[in-house]
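1. Got a predicted structure plus its sequence, pasted below:
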Amino acid sequence: MTDDGTGDTCQWRGWREAAETALYGPDGFYLKPEGPAGHFRTSVHASPLFAAAVARLLRTAAREADLDEVALVDVGAGRGELLTGVLAALPSGFPVRAYAVERAARPAGLDPRIEWTAEPPAGVSGLLFANEWLDNVPVDVAEVDPDGVARYVLVGPDGAERLGSPVGGADADWLARWWPLTEPGARAEIGRPRDEAWSAAVGTLEAGLAVAADYAHVRDNRPLFGTLTGFRAGREVPPVPDGSCDITAHVALDACALPGAELLPQRDALARLGVTGERPPLSLATSDPAAYVRALASAGEAAELTGRGGLGDFGWLLQRVGGGTFEAGTTRS
């Protein structure tokens, strides 16, 4: 069944509009007091090794761009967990100005060095880091009908779906380039709003590095039926746009990438930053048992961050901005 979402079916909306209200409207999921950490674990919550790796990346950005003061911009900051961890991992007195970009209100007790803002600050230099932000930039969903026409998927308040009008204009152009649909029943998330959001975020940097880390896929392995889903209290649930759950879809990171960008799995990006998951040598258990236990625990956390089939499969998009010789994602002693 198809309709255009008007008349007596006005409760039916495209997924982009519905998710925007459900996530960020009054009583939206991301504005609830418990924040994202109350419902799912990200790399930030999995281990302090992640924040320490970002801290090393920030120091490299400052050195390569020859900055006296370096900005650290966390886009989609949650409740400031990543920034808190990075600040703790930096050397005392390191000249950093930290910005948390988030729609929710500033949480109580947050480190006063962190500036809370709804938009990325313009004209700064340093590191812009967006961990699991783009997957929550709402997008429309398309599905091919029995006649081979790609149509917008409309959704009701209870999560029920029906097909609407044919996809046209810039959305159709995006599908043709980045996610061609031909088989009846095939679905895609139209990532154009994410491309635009990422380009705008990168555009706020004067110089440095912008990084997006997220659930991702590229043109050669797009999922046949898309990835739209929901999460609540640590469990995957049907996506219902009523504010009760997260609504997320993997990111077409190759479409977001600007000229000169680099794409790589999180396991490779973290390996460059010294997070590998390698177990400590057994000889350490004899020479220094306490150090062995600590190293073993650290290796376990690193393994979670870099493991196949989990966080290690995340995509990292690294975008260098401005001049200089900065090598995205690398560190130097």
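-> Okay, I see it. Numbers count the residues shown, from 1 in each chain.
2. Double-check that residue 197 belongs to a strand.
-> No: per DSSP: H, G, I helix; E, B strand; the rest coil, residue 197 lies outside any strand segment and is helix.
3. so who does it touch?
-> Contacts for residue 197 (Cβ atoms under 8 Å, 6 or more residues apart in numbering) come out as 134, 137. Glycine gets a C-beta too; all of them are placed from N, C-alpha and C.
4. Residue 218: neighbour count?
-> Residue 218 is flanked by 14 other residues according to other Cβ atoms under 10 Å.
5. Please look at it and residue 263 and confirm they touch.
-> Yes: judged on Cβ atoms under 8 Å, residue 218 makes contact with residue 263 at a distance of 7.1 Å.
6. list residues touching both of the two?
-> By Cβ under 8 Å, 6+ apart, the residues touching both residue 218 and residue 263 are 253-254, 315.
7. what about residue 232, neighbour count?
-> Residue 232: 16 neighbours (other Cβ under 10 Å).
8. Need the phi and psi values for it.
-> Residue 232 has phi and psi values of phi -150, psi 130 when expressed as degrees, to the nearest 10.
9. which residues does the closest residue to it other than its chain neighbours contact?
-> Nearest non-adjacent residue to residue 232, counting by Cβ to Cβ, 6 or more residues apart in numbering: residue 245, 4.0 Å away. Residue 245 makes contacts with 29, 39, 230-232, 237, 239, as judged by Cβ under 8 Å, 6+ apart.
10. repeat that for 7 Å
-> Applying Cβ atoms under 7 Å, 6 or more residues apart in numbering, one finds that residue 245 lies in contact with 29, 230-232, 237, 239.
11. quick one: which of those is most hemmed in?
-> residue 29 (24 neighbours).
12. Run a quick check on that one versus residue 242, I expect a contact.
-> No: using Cβ atoms under 7 Å, residue 29 makes no contact with residue 242, being 9.1 Å away.
13. what secondary structure does residue 164 sit in?
-> Per three-state DSSP, residue 164 ends up strand.
14. State the distance from it to residue 53.
-> 43 Å (Cβ to Cβ, to the nearest Å).
15. And residue 121, by the same measure?
-> Taking Cβ to Cβ as the measure, residue 121 falls 23 Å from residue 53.
16. List the buried residues of the one helix or strand residue 44 maps to.
-> Here residue 44 sits within helix 43-46, counting by DSSP states H and E. Under the neighbour-count criterion of 16 or more other Cβ atoms under 10 Å, helix 43-46 has 43-44 buried.
17. Residue 59 is in what secondary structure piece?
-> helix 48-64.
18. in the stretch 101-250 of the chain, which spans are strands?
-> 114-117, 124-131, 140-144, 150-155, 161-166, 187-190, 205-214, 216-217, 229-232, 235-237, 246-248 (DSSP state E, counting those that start in this stretch).
19. which of those is buried the deepest?
-> strand 187-190 (a mean of 26; mean count of other Cβ atoms under 10 Å).
20. Next, please give the residue ranges for the helices of the protein.
-> With DSSP state H as the criterion, the chain has helices at 15-24, 43-46, 48-64, 81-89, 169-178, 192-202, 253-256, 266-272, 283-287, 289-306.
21. what's the third one packed up against?
-> Using 3 or more Cβ pairs under 7 Å, 6 or more residues apart in numbering; DSSP states H and E as the contact criterion, the elements in contact with helix 48-64 are helix 43-46, strand 70-75, helix 81-89, strand 124-131, helix 289-306.
22. Partner strands of the fourth one, with direction?
-> It stands for strand 124-131. strand 70-75 (parallel), strand 205-214 (parallel) (DSSP bridges).
23. Let's have the ones you listed in TSV, adding mean pLDDT and distance to residue 175.
-> Shown next, in TSV, are those (pLDDT from 0 to 100; distance: least, Cβ to Cβ, whole Å):
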stretch	mean pLDDT	distance to residue 175
strand 70-75	97	26
strand 205-214	96	20
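24. Can you add distance to residue 270 and give those strands back as JSON lines?
-> Below are those laid out as JSON lines (distance: least, Cβ to Cβ, whole Å):
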{"stretch": "strand 70-75", "distance to residue 270": "17"}
{"stretch": "strand 205-214", "distance to residue 270": "10"}
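25. among those strands, which is nearest residue 131?
-> strand 205-214 (4.9 Å; Cβ to Cβ).
26. residue ranges with poor pLDDT in this protein?
-> The model of the chain has pLDDT under 70 over residues 1-10, 34-41, 277-286, 288-300, 323-333.
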